[in-house]
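Novice: kindly generate the corresponding structure for this input.
(one chain, ligands or ions: 1)
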Amino acid sequence: MTLPSHDTVVTYPDGALDATTVVLHTAPAGESLLAIVTEQSSFHPVDAVWPDQPADAGVIETAHGVVPIVDAVLAATDGTELLLGGDIPVRKGTEGWAFLVAHLVAGDAAIAEGDEVTVRADAAARRALSIGHTACHAASLALNAALAGHWSKPAREDALGAPDFDGIAIASSRIAPDSSVDVYRLNKSLRRAGFDTAAVSADVLGELAASVTATITDWATAGTTVHIDRDGTGLTDRRYWVAELPGGTARIPCGGTHVGSLAELGAVRVEFEAGEDGGTPVLTMRTRVEPHR
Ligand SMILES: [Zn+2]
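Specialist: Below is the predicted model:
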């Protein structure tokens, strides 16, 4: 039972769907599943700490047949045991730990250490999530731009130099097929940082949505290209979403998958909703796209 001593080599950031590789380790996961760790993976796993983009859908092909992957999660080991998702006790990238893609399959799957296998991510499911994730980043930047005039103090800047409302107020971000949902906390510390929450009061949200939608549409019409920059091929090597926007190059840390151009998004629609979470006012941004298929 050898445990890997280095990160899984991941190829999904470059858009790869298939990886022919070797099984390095298998371990029971819960009562009825088996975690499969491979040398390389083309399969995007969900991150327990910041679970914005869900796992890919797909299969592992072995010499004996095709095994459905029921989920894929971030795993880690310090050489003693394999820990999955929320059981990982250290931050990603901690020295002495290897960070891995764990492909979860049925517990009785005929896959063993040393097997040569091909990991295959479903192309249509990946594309729908990539579209949702690219739209999510574009919407965040467009929202920051729309709210830029509503800060009374200098604030941390986003990738385009606007006050980073998204980065400062974000509570959660969830990517779904062709869509995303971002939730922002409008709390005391945001107001203390100089943000005027009247800019996101219920009566102006229609106007705000029209402004954000128009900005994304302009960026898409301009043919803004998108690519991923990476410091290395390991799972925890830093990766960045880079968009060549009309207003400049935006570079945002991101571990997900994306389409190559905002022009691929088709019609984008952003909607806002005011709400509350345990007494704290929250703003919800829903981004939906009708992609060119
Ligand atoms: Zn991202």
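
Novice: around the ion, pick out the residues from the stretch 151-293 of the chain.
Specialist: Within the stretch 151-293 of the chain, the positions adjacent to the ion are 254, 256 by C-beta under 5 Å from the ion. To be clear about C-beta, it is placed using only N, CA and C from the backbone, and glycine gets the same treatment.

Novice: for the stretch 151-293 of the chain, just list every one of the strands.
Specialist: All strands of the stretch 151-293 of the chain, identified by DSSP state E, counting those that start in this stretch, fall at 170-176, 179-185, 226-230, 239-245, 248-253, 267-277, 280-290.

Novice: residues in contact with the first one: which ones?
Specialist: Going back to what we said before, that points to strand 170-176. Residues from elsewhere that reach strand 170-176 (C-beta atoms under 8 Å, 6 or more residues apart in numbering): 50-54, 129, 132-133, 136, 180-185, 256, 277, 282.

Novice: partner strands of it, parallel or antiparallel?
Specialist: strand 179-185 (antiparallel) (DSSP bridges).

Novice: ok, and the closest non-adjacent residue to the residue in the chain that the ion sits nearest to?
Specialist: The ion sits closest to Cys254 of the chain, with a gap of 3.2 Å, by C-beta to the ion. Leaving aside its sequence neighbours, Cys254 sits nearest to Trp241 (C-beta to C-beta, 6 or more residues apart in numbering; 4.0 Å).

Novice: hang on, that neighbour packs against Thr257?
Specialist: No: contact criterion C-beta atoms under 8 Å: Trp241 and Thr257 do not qualify, at 9.9 Å.

Novice: for the protein, give me the ranges with low pLDDT.
Specialist: 1, 291-293 (pLDDT under 70).

Novice: quick one, helices of it?
Specialist: Assignment of helices within the chain using DSSP state H yields the ranges 123-146, 165-169, 188-192, 205-221.

Novice: touching the last one from outside, list them.
Specialist: Spelled out, that is helix 205-221. With contacts defined as C-beta under 8 Å, 6+ apart, helix 205-221 is touched by 135, 138-139, 142-143, 145-147, 199-200, 243, 245-246, 262-263, 265, 267-274, 285.

Novice: which among those residues end up buried?
Specialist: Neighbour-count burial (16 or more other C-beta atoms under 10 Å) applied to the contacts of helix 205-221 gives 135, 138-139, 142-143, 145-147, 199-200, 243, 245, 262-263, 265, 268-270, 272, 285.

Novice: ok, the residue nearest to Glu31 when sequence neighbours are not counted - contacts?
Specialist: Closest residue to Glu31 apart from its sequence neighbours, by C-beta to C-beta, 6+ apart: Gly107 at 7.7 Å. Neighbour list for Gly107: 28, 31-34 [criterion: C-beta under 8 Å, 6+ apart].

Novice: what's the distance between the closest residue to Gly255 other than its chain neighbours and Asn187?
Specialist: Closest residue to Gly255 apart from its sequence neighbours, by C-beta to C-beta, 6+ apart: Arg239 at 5.7 Å. Arg239 sits at a distance of 30 Å from Asn187 (criterion: C-beta to C-beta, to the nearest Å).
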